[in-house]
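Colleague: Take this sequence and fold it.
(chains A, B, C and D)
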Protein chains: 4
Amino acid sequence: MRDIGIGLVGGGYMGKAHAVALSAVGAVFDTPLRPRLQVIAAASPASAEGYRRAYGFARAASDWRDLVADPAVEAVVIASPQATHRAIAEAAFAAGKPVFCEKPLGASLADARAMTAAAEASGLPNMIGFNYVRTPATQFARRLLAEGAIGTVTWFRAEHSEDFLADPALPATWRTSGRANGAMGDLSPHIINCTLALMGPIAEVSARIETVHTTRPGPSGPVAVDNDDQAQIMLRTASGVMGHLFISRVATGRKMGYAYEIHGTKGAIRFDQEDQNALWLYRAEGPNATRGFTRILTGPDHPDYLAFCQGPGHGTGYQDQIIIEARDFLSAIATGQPVWPRFRDGLAVAEVIEAAFLSAASGRWQDVTPA
Amino acid sequence: MRDIGIGLVGGGYMGKAHAVALSAVGAVFDTPLRPRLQVIAAASPASAEGYRRAYGFARAASDWRDLVADPAVEAVVIASPQATHRAIAEAAFAAGKPVFCEKPLGASLADARAMTAAAEASGLPNMIGFNYVRTPATQFARRLLAEGAIGTVTWFRAEHSEDFLADPALPATWRTSGRANGAMGDLSPHIINCTLALMGPIAEVSARIETVHTTRPGPSGPVAVDNDDQAQIMLRTASGVMGHLFISRVATGRKMGYAYEIHGTKGAIRFDQEDQNALWLYRAEGPNATRGFTRILTGPDHPDYLAFCQGPGHGTGYQDQIIIEARDFLSAIATGQPVWPRFRDGLAVAEVIEAAFLSAASGRWQDVTPA
Amino acid sequence: MRDIGIGLVGGGYMGKAHAVALSAVGAVFDTPLRPRLQVIAAASPASAEGYRRAYGFARAASDWRDLVADPAVEAVVIASPQATHRAIAEAAFAAGKPVFCEKPLGASLADARAMTAAAEASGLPNMIGFNYVRTPATQFARRLLAEGAIGTVTWFRAEHSEDFLADPALPATWRTSGRANGAMGDLSPHIINCTLALMGPIAEVSARIETVHTTRPGPSGPVAVDNDDQAQIMLRTASGVMGHLFISRVATGRKMGYAYEIHGTKGAIRFDQEDQNALWLYRAEGPNATRGFTRILTGPDHPDYLAFCQGPGHGTGYQDQIIIEARDFLSAIATGQPVWPRFRDGLAVAEVIEAAFLSAASGRWQDVTPA
Amino acid sequence: MRDIGIGLVGGGYMGKAHAVALSAVGAVFDTPLRPRLQVIAAASPASAEGYRRAYGFARAASDWRDLVADPAVEAVVIASPQATHRAIAEAAFAAGKPVFCEKPLGASLADARAMTAAAEASGLPNMIGFNYVRTPATQFARRLLAEGAIGTVTWFRAEHSEDFLADPALPATWRTSGRANGAMGDLSPHIINCTLALMGPIAEVSARIETVHTTRPGPSGPVAVDNDDQAQIMLRTASGVMGHLFISRVATGRKMGYAYEIHGTKGAIRFDQEDQNALWLYRAEGPNATRGFTRILTGPDHPDYLAFCQGPGHGTGYQDQIIIEARDFLSAIATGQPVWPRFRDGLAVAEVIEAAFLSAASGRWQDVTPA
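Modeller: Below you'll find the model as predicted:
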């Protein structure tokens, strides 16, 4: 095993999660490479130094270019605002360094396309972070679907609903301006990625996207909100399954309503991230009198579970999802083989979002057209 | 209190439920009229006589015209197939007799319009049966919404999903032929009625309606299925709330998936008929640390509960919903005042269904246009 | 089918439930006898007449002796206070009339013994009412246990917890005086009956019984409470299984905490009356990865369900349990064969209660000694 | 911030959990000391070296004495078998080094007493590990109780049930021999610690302890099991509350049945570790019609939550509990102040276990007598 020097851009919201993951991943998993926390970059020298001390990096940088250029940095993790993703990733690939980028893949479809092109032109390992899909429960759902455990899928419903902006009295902020910061830009990537992971490509969509609270209090009176609070999307997958997505940041009562419900000819699956250690499975087998939804508690027989837990019922949490991402990124670097989800998978999400906005504008069904 | 002679058309599926309700309602509620089980009509003399003995009616009739014409029959309850609803109702009104008609209101929009016109021209009491909306839990949800308990509603999602035709090996029957017998014709009236009751009128819809299993085994090979197995409907209410409905008869694992989820600016409500004695309520009040969805068990403080139960936690069931309908029908007759839901409310449901089919055909949003 | 004249003693709390049940049972079930509501007796002429009108009995009586003596009364249902059970039952048997008696079987062990002796000496049909055990879910649990679905049982836990006296500010009433009216006297019979039905005889107990709120407000100051608020009982069944019972009328938050949890070598069962249409079953079968507790919704394949419901997921309620009791009582009369639970089964409950009080007094394990 | 050299004894079951925790704690929390993974000791040179590489320690030792004696080791974490706890802890204290010891505190009451005496004589920081009690949910339950959120507690029920030995076909191992390895020795410490944390001292107990599967397959025929599979304990706390504990390793279907239910005069609390991110709270406040158990999802307003999560609904897991323990141990060392739970708290648990065994032998209530 050898060390690999990591440069982390961003130390706030998601930066900390990645810093912790990089500290722990080597003890949790038998990784081929052990991350060395080399440089952390943030917007100012003071914040960078604060993060450096808090997370135990060797060096702080107040410019991500400095981080990318440092020869001791052998791979880059991007956890900075969306608008910065593209430039950092392009620079890192240009410097020959693998990149892990937090979702979404840039701030626009153009960003996502450019980043994917840069990644693939470089031939370097590239990953995008959709952490929720990494729970043992959802990984197991993928496996069940692949094995045909519920037969042919006939209906898919999913949502990503939270309530952090449900209160109309909350003030206008950067979150309430700019398409990239709306519910579609911020939350939908998670659940669209989940949909693609579970169901395969989406062929067409019909969407309605709306701003529920059209103004928010500002320092000197009401400020117009120019991005969306919630959206719904009817869809048909390439395999012909009808489905529906709901995305909201104003869903009072929902904290992490990352949830799905899948019906098939032989069974059904249900999941809700608010009870992330359980997957519900119905199988149309055996006597009617004993059929029902089974609450399967994730345990040693489910993907990645045992890395974190000593036995059944112990339970994994949010931070563990990030550690799984770190493990996979290290594996991609060590083997030179791409691991899911790559930038291309992030681009596929952006294409669905684009189609949803087009449909919402036209009031008609819209094909999802990959580049 | 005086007796009133009831004629019941149909003794099968729903006929029994109404026969039991008519037997029990007088002891359950302090009704102004006590039903006298006078005549039951069915398709053949033998079946009519069988039902008469089973339910305790005074007389059996093998022709509903005979029942309607009988002077001892003072009110008519229709629990026969949809295609017969209109003729029976029209005859009953012509004979000056109040009518309770099981959902849906006839087999087509034309039927619903004609039946409503006949009812209103007659000036007689008329009711349509949407039993599920009568649970104490859903009645309480209506009250909470009316009182503004969750603030301004921002999102409404509902479904009526069952799995009685989920297995593709089930043979073709009358259920798999004719628009009135599809999932939209058979199941959607319940949940559209529920939506109207909770949210008020629907202004526009965008729907997709599909046949999942396009053929079914027949006596001599596969038979084409010509009606729908499932549907989804995006909607906007007249009050401006965005919502979504899902209707399915192939939703493996769902037995009575009559369920809704409502978000508002100050709270949220959730309900699932598969746990019909509980209503879940979230209120954005008090410290964050103690907020959450509260499972309210229906009890003495909820509508109609105490008529059936001696104390909290006792629980009501399906049959109780039908008894509540019987109570209201008797009240309408006694007072001469219409009670909800009238034929007009059944027509409103039919208009939404019509708009959904038009939207599914056009692929566009469709206004719901009341007559 | 012929009619049978019923005399009902008591029209209040449980009396109404039985009146409704007697009205409906003939339409719900294909009963060999159809009850005719003949005489209702209550403590005063006014209350008796009120009940008569409300429930539709032919005649009112202000003395139960009058009811018992009436030749038109062919069977007697006792729903009056505990202290009256014995005299009424003894008189009815003496008059050659079958008796259904609400739980508990009299107000003391002596009552229970005398009533059982009188019943058995008469050779007449006799039943005791433990309604909760009649749900399709609990009837199905009995069947599962009998079939060995969870292997050899290794642990049994049950409770009957409610909170109707949880608030210490509630005033002293008849409920707070007299051993028969305490939690052990009032609530434990239900859950002890359930235990006996599911697990067979109890061999020994070790109990603690306590008064949580030792005084209650009275009209002129605090009044001492002389009966128990809650109790716990460790037990061993005759078959050697260890178990535990909890009984409480001060369990804040519990409305109908009639619940049990049973572990066996091959599975487990869980039930809670607050979700009475669901039984949870775990089976140690198949791959570990898909094991879990299955929420089985009661439906057409469970005992007595279809009598009340038209399809799966419709759900039964409290009143339906009473109708099942009525069906069984009519069957016992028609066939002359005893049906479970007989007076003898009510006596078995009283014997466990007696042993629990003895153990609570001694602080030691106490054998349950049948007469 | 300065580093502190940690010696970890044991790299298996719990050793890995502590190794991960020590790797991550500095990035998760703003700890006063940052752990340096100095020496790991295991039973053989090969296993020690394997653990060293896997977890990233500087040095491996095949004798814990070597680890304790190493001047670079400034604090000792004991995660080796129970029987070794005492000698290691005594040596570490003698060498002037703070000790964190996994539960239970040695293999017997004598061990627990000696270890507590050694810890207190040394004046050094000492902690015992009861990880489950560290979830945000249970920490919040402690706070709610302390604040009187549910009034005066009237009933407490808890269990620690798992099913890892439920199958009678599982062979005899070290787990099925020796009192320290039975369900009481292995599992009860967790739930007794939880009980003490939530309810304060226990005054008296009445217990039954039993071996459900008295023999297990051995290499040459059945082998007698000489320790317990399950136990139940009735108890009274020093504050006068009646309660009950159930402990089992044969509870089919239960994976981490670390659960409690607490009733008070003004509310109730429920928790189950199998849904560790939720606490259920009932409050007897407001209109009856909106009362019920509220499922509170742990979030930013609950203890220690935000250290691991970026927002509400993200969820903590098993590993996070161990990291919280590491944080507290570092704090104890840095400040020289004891933090809960100390060795003395582990001893208190051992005293309850002793009383339970005495009661089980006598069949009578037994006082819990602190040394």
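Colleague: So, low pLDDT: which residues of chain A?
Modeller: A:1, A:370-371 (pLDDT under 70).
Colleague: domain ranges for it?
Modeller: Domain assignment for chain A, taken from automatic domain parsing, gives A:2-132, A:136-316+A:348-362.
Colleague: The first one near chain D at all?
Modeller: Yes - judged by Cβ under 8 Å from any Cβ of the partner chain, domain A:2-132 and chain D are in contact via A:13-14, A:16-17, A:19-20, A:23-24, A:26-28, A:30, A:34, A:53-56. (Glycine included, C-beta is placed from N, CA and C.)
Colleague: about what we covered before: okay, the domains of chain A in a markdown table with distance to residue C:165 and mean neighbour count next?
Modeller: Formatted as a markdown table, the domains of chain A follow (distance: least, Cβ to Cβ, whole Å; neighbours: other Cβ atoms under 10 Å in any protein chain shown):
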| stretch | distance to residue C:165 | mean neighbour count |
| --- | --- | --- |
| domain A:2-132 | 46 | 21 |
| domain A:136-316+A:348-362 | 33 | 21 |
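Colleague: now these in TSV, with distance to residue B:261?
Modeller: Below are those laid out as TSV (distance: least, Cβ to Cβ, whole Å):
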stretch	distance to residue B:261
domain A:2-132	20
domain A:136-316+A:348-362	9
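Colleague: How far off centre is stretch A:73-92?
Modeller: Averaging C-alpha positions (Cα atoms, centre = their mean, to the nearest Å) puts stretch A:73-92 16 Å from its chain's average.
Colleague: That one: end-to-end distance?
Modeller: Terminal residues of stretch A:73-92 lie 10 Å apart, using Cα to Cα, to the nearest Å.
Colleague: So what pairs up with the spatially closest residue to residue A:273 that is not a sequence neighbour in the strands?
Modeller: Spatial nearest neighbour of residue A:273, chain neighbours left out: residue A:258 (3.8 Å); criterion: Cβ to Cβ, 6 or more residues apart in numbering or on different chains. On the basis of DSSP bridges, residue A:258 is bridged to residue A:160.
Colleague: For residue A:258, give me its contacts.
Modeller: Contacts for residue A:258 (Cβ atoms under 8 Å, 6 or more residues apart in numbering or on different chains) come out as A:132, A:159, A:160, A:190, A:191, A:194, A:272, A:273.
Colleague: Kindly report the same for residue A:22.
Modeller: Residues near residue A:22 by Cβ under 8 Å, 6+ apart: A:6, A:8, A:35, A:37, A:77, A:326.
Colleague: so what's the second one bridging to?
Modeller: Think residue A:8. Taking DSSP bridges, one obtains residue A:40, residue A:77 as the residues bridged to residue A:8.
Colleague: Tell me if I'm right that it and residue A:77 touch.
Modeller: Yes - Residue A:8 is within contact range of residue A:77, at 4.8 Å (criterion: Cβ atoms under 8 Å).
Colleague: any common contacting residues for these two?
Modeller: Residues within reach of residue A:8 and of residue A:77 at once, by Cβ under 8 Å, 6+ apart, are A:18, A:22.
Colleague: What parts of chain A come near chain B?
Modeller: Counting by Cβ under 8 Å from any Cβ, the residues of chain A that sit close to chain B are A:150-151, A:154-155, A:157, A:161, A:163, A:166-168, A:206, A:208, A:210, A:212, A:229-230, A:232, A:234, A:236, A:242, A:244, A:246, A:248, A:250-254, A:263-268, A:282, A:284, A:293, A:363-365.
Colleague: show me where the stretch 151-300 of chain A has helices.
Modeller: Ranges of helices in the stretch 151-300 of chain A, per DSSP state H, counting those that start in this stretch, are A:183-186, A:188-199.
Colleague: just to revisit the earlier point, please list the members of the residues of domain A:2-132 next to chain D that lie in helices.
Modeller: When DSSP state H is applied, the residues of domain A:2-132 next to chain D are split such that A:13-14, A:16-17, A:19-20, A:23-24, A:26-28, A:53-55 fall in helices.
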